[in-house]
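*Asks:* Requesting a structural model of the entry that follows:
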Amino acid sequence: MTLWVAAAVVWVVLVAALRLGRLWLPFYVLATVGFALLFLVAARGSPVEHALEAATAQHAHEVSGLLGIPTMVFRNAPGTLLVLVVVGRVGWTIIEVGIECSGLLELAAFAGLLLFYPGLRVGRRLTLLAFGLAATYAINILRLLVIIAFLHWGGKDIIFLAHTVIGRGVFFVLVIALYWFVFTRAALQAVRERVAQG
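*Replies:* Below is the predicted model:
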């Protein structure tokens, strides 16, 4: 763990030096990538990761029930979701909500990209951060629901198509739309405000 503490100290010093030197592109790249990596290392195997996995599985289970798809959260492993596959009466299929399905990677990347974004005031960044984290979480739940629905109605044979192609495709398109709304639209609005004050 001391290696990661040393890496964190070096990261803080380099980020501060780049910011003081007003070298915005290297500052932004190093700050966002470093933040996401250090956060993931700190969160890996922690109560934060386990709580996020359990919450993701629970919320996907609750919404699946509203859609009429029987699921269960395996109580002895809260990040494990059981999906009833009805095609051919296969039975239950296990979806393990690990670090990839929990959304932790995407939440860390989004937080890093927004927290160090130099074009927005701090208050605006924090507002967009709260909105963006909630939206990223909801998009991730939607991705899981797509996978669950395909498993339920299409069977286990289409797991690759459901998870790797359609689920990731839905997630990618919605995250790009979110990033456009948060970063591009917000940056354009900030430029308009500066020009109007100008």
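
*Asks:* Now do the longest helix along the chain: which elements does it pack against?
*Replies:* Counting by DSSP state H, the longest helix found in the chain is helix 122-154. Applying 3 or more CB pairs under 8 Å, 6 or more residues apart in numbering; DSSP states H and E, we find helix 122-154 packed against helix 47-66, strand 80-85, strand 91-96, helix 99-102, helix 104-115, helix 159-160, helix 168-179, helix 186-197. Placement of C-beta: from N, CA and C, glycine included.

*Asks:* Lowest mean pLDDT across the ones you listed, which one is that?
*Replies:* Mean pLDDT is lowest for strand 80-85 out of the helices and strands packed on helix 122-154, coming in at a mean of 68.

*Asks:* what residues are up against the residue nearest to residue 44 when sequence neighbours are not counted?
*Replies:* Excluding its sequence neighbours, the residue lying closest to residue 44 (CB to CB, 6 or more residues apart in numbering) is residue 99, at 7.1 Å. Contacts of residue 99 were listed using CB atoms under 8 Å, 6 or more residues apart in numbering, and they are 40, 44, 49, 53, 105.

*Asks:* and the first one, that's in a strand?
*Replies:* The reference is to residue 40. No - applying DSSP: H, G, I helix; E, B strand; the rest coil, one finds residue 40 to be helix, outside a strand.

*Asks:* What's the separation between it and residue 61?
*Replies:* Remark: distance between residue 40 and residue 61 (CB to CB, to the nearest Å) = 25 Å.

*Asks:* now swap in the third one and tell me
*Replies:* Taking CB to CB as the criterion, residue 49 is separated from residue 61 by 19 Å.

*Asks:* domain ranges for this structure?
*Replies:* 1-43, 44-197 (automatic domain parsing).

*Asks:* now, of those domains, which is deepest in the fold?
*Replies:* domain 44-197 (a mean of 16; mean count of other CB atoms under 10 Å).
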